[in-house]
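**Student:** Predicted structure and sequence below. I'll ask about it afterward.
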Amino acid sequence: MRGSKLWRLAVGATVAGLVLAACSAGGGGSKEPVKIAINPWVGYEANAAVVAYLLETELGYTVEKKTLKEEISWQGFETGEVDVIIENWGHPDLEKTYIDEKKVAAVAGETGNVGIIAWYVPEWMVQEYPDITDWNNLNKYADLFKTSESGDKGQFLASDPTFVQNDEAIVANLGLDFKVIFSGSEASSVKALQQAAAQKTALIGYFWDPHWLHAQIKLVPIKLPPYSDECYADPKKIDCDYPQYALNKIVSKKFADTGGKAYELVKNFTWTNDDQNLVSDYMTNQDMTAEEAAKKWVDEHESTWKAWIP
């Protein structure tokens, strides 16, 4: 009888161990909260809103959203504060540090979005000054863009200084008679562009696509010298256009190894610029919360997101 009892205890311990192992590393994941960094632009928030909504409603996870700047988000992979960056705009320096050297992060596939950074002017300026879209002619029009902040130079309106941006190098290396002034945020840049279009005031600045604003007003890109790898070899000497970015997702190595179905959903997530712009529009112009916008999109696009669910 004693031997039989010991055998039963041993079998029970083995089964319990297998169950715990399956829960922590297998299909369902540990159900630990999924910590998603929220970087400060609405397109990113749209991605995060939909992924978080599906994690919660379809897979039963709790999601912790952490509002962080881009570089700070990467630091969170090392400290354990961040599991997911859901939209990465090309940070080779950070990838080298956190993926290649420290080995605390990993790429989890592309989002399906193509990121385009460019210099833009409102359409009315092109109608009035047809050659203004050629960078070679910008100095001719520099006086149009003077502000109290830019002094005797034209103002070039950059955005959040923590965003991927090379505007100061481009201005200096192309010999442009402009001073780069940072708006400080996406919202401030959007407001400035809307006012420039509505009031026909001169403005040239940094902006990007995908973004819902392109559906509201017509912005025309400036033709800078074409991008090349050689041009970007030394950040201080950049004198050409931005590259196009195949936006991707970055996750902590721990999350990739033990995140179970939550990691699989993040890895499977892929949609279009139009999808992102639609959710961004719900959040920005239709007075919806991130959760409401995500629910509306999910309710109307089951054929898209069903393929993401493990």
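**Tutor:** Everything's here; your move. Numbering: from 1, shown residues only.

**Student:** Quick one: residues contacting residue 246.
**Tutor:** 110, 114-115 (C-beta atoms under 8 Å, 6 or more residues apart in numbering). Backbone N, C-alpha and C define where each C-beta goes, glycine included.

**Student:** Of these, which is the nearest to residue 87?
**Tutor:** Taking C-beta to C-beta as the measure, residue 87 lies nearest residue 115 of these, at 8.2 Å.

**Student:** So what sits opposite the closest one in the bridge?
**Tutor:** Residue 115 has these beta-bridge partners by DSSP bridges: residue 245.

**Student:** Look at stretch 195-213 and report the distance between its end residues.
**Tutor:** The first residue of stretch 195-213 is 12 Å away from its last residue (C-alpha to C-alpha, to the nearest Å).

**Student:** my bad, should have said stretch 267-279
**Tutor:** 20 Å.

**Student:** can you list the domains in the protein?
**Tutor:** The chain resolves into domains spanning 31-114+246-308, 115-244 when parsed by automatic domain parsing.

**Student:** Out of those, which one sits most buried?
**Tutor:** Stretch with highest mean neighbour count among the domains of the chain: domain 31-114+246-308 (a mean of 19; mean count of other C-beta atoms under 10 Å).

**Student:** from the middle of its chain, how far away would it be?
**Tutor:** 9 Å (C-alpha atoms, centre = their mean, to the nearest Å).

**Student:** and that domain, average pLDDT?
**Tutor:** For domain 31-114+246-308, mean pLDDT rounds to 96.

**Student:** Then stretch 184-199?
**Tutor:** Mean pLDDT, computed over stretch 184-199, is 97.

**Student:** and what of stretch 147-167?
**Tutor:** Stretch 147-167 carries an average pLDDT of 96.

**Student:** what's the span of stretch 32-50, first residue to last?
**Tutor:** Stretch 32-50 has an end-to-end distance of 19 Å (C-alpha to C-alpha).

**Student:** ok, now stretch 56-74?
**Tutor:** End-to-end distance for stretch 56-74, by C-alpha to C-alpha: 24 Å.

**Student:** go on, stretch 65-75?
**Tutor:** Taking C-alpha to C-alpha, stretch 65-75 runs 15 Å from one end to the other.

**Student:** what sits up against it?
**Tutor:** For stretch 65-75, the surrounding residues in contact (C-beta under 8 Å, 6+ apart) are 35-40, 48, 52, 76, 81-82, 85, 89, 91, 94, 97-98, 105, 162-164, 250.

**Student:** likewise stretch 91-109?
**Tutor:** Contact with stretch 91-109 is made by 70-71, 74, 77-78, 84, 164, 248-254, 256, 263, 266-270, as judged by C-beta under 8 Å, 6+ apart.

**Student:** again with stretch 290-301
**Tutor:** Contacts of stretch 290-301 from elsewhere in the structure, counted by C-beta under 8 Å, 6+ apart, are 45-46, 48-50, 52-54, 57, 275, 278-279, 282-283, 286, 288, 305.

**Student:** If we use 10 Å, what do you get?
**Tutor:** Here stretch 290-301 makes contact (C-beta atoms under 10 Å, 6 or more residues apart in numbering) with 38, 42, 45-54, 56-58, 65, 271, 275-276, 278-284, 286-289, 304-305.

**Student:** Just to be sure, which of those residues are found in strands?
**Tutor:** 38, 65 (DSSP state E).

**Student:** Helices of the stretch 201-310 of the chain, start to end?
**Tutor:** 253-258, 260-268, 273-285, 290-300, 302-305 (DSSP state H, counting those that start in this stretch).

**Student:** which one of these lies closest to residue 182?
**Tutor:** Closest approach to residue 182 among these is made by helix 273-285 (21.2 Å; C-beta to C-beta).

**Student:** Next, the contact list for the residue lying closest to residue 169 once chain neighbours are set aside, please.
**Tutor:** Distances taken as C-beta to C-beta, 6 or more residues apart in numbering put residue 238 closest to residue 169, at 4.4 Å, once the chain neighbours are dropped. The contact partners of residue 238, by C-beta under 10 Å, 6+ apart, come to 166-170, 172-174, 225, 227, 231-232.

**Student:** Could you pull out the strands in the protein for me?
**Tutor:** Taking DSSP E, the strands of the chain run over residues 34-38, 63-67, 84-88, 105-122, 154-158, 178-182, 205-209, 219-221, 244-252.

**Student:** Among the contacts of residue 246, which one sits closest to residue 141?
**Tutor:** residue 115 (27.8 Å).

**Student:** isn't that closest one right up against residue 245?
**Tutor:** Yes: taking contacts as C-beta atoms under 10 Å, residue 115 lies within contact range of residue 245: 3.7 Å.

**Student:** Residue 77 reaches residue 88, doesn't it?
**Tutor:** No: with contact defined as C-beta under 10 Å, residue 77 does not count as touching residue 88 (11.8 Å).
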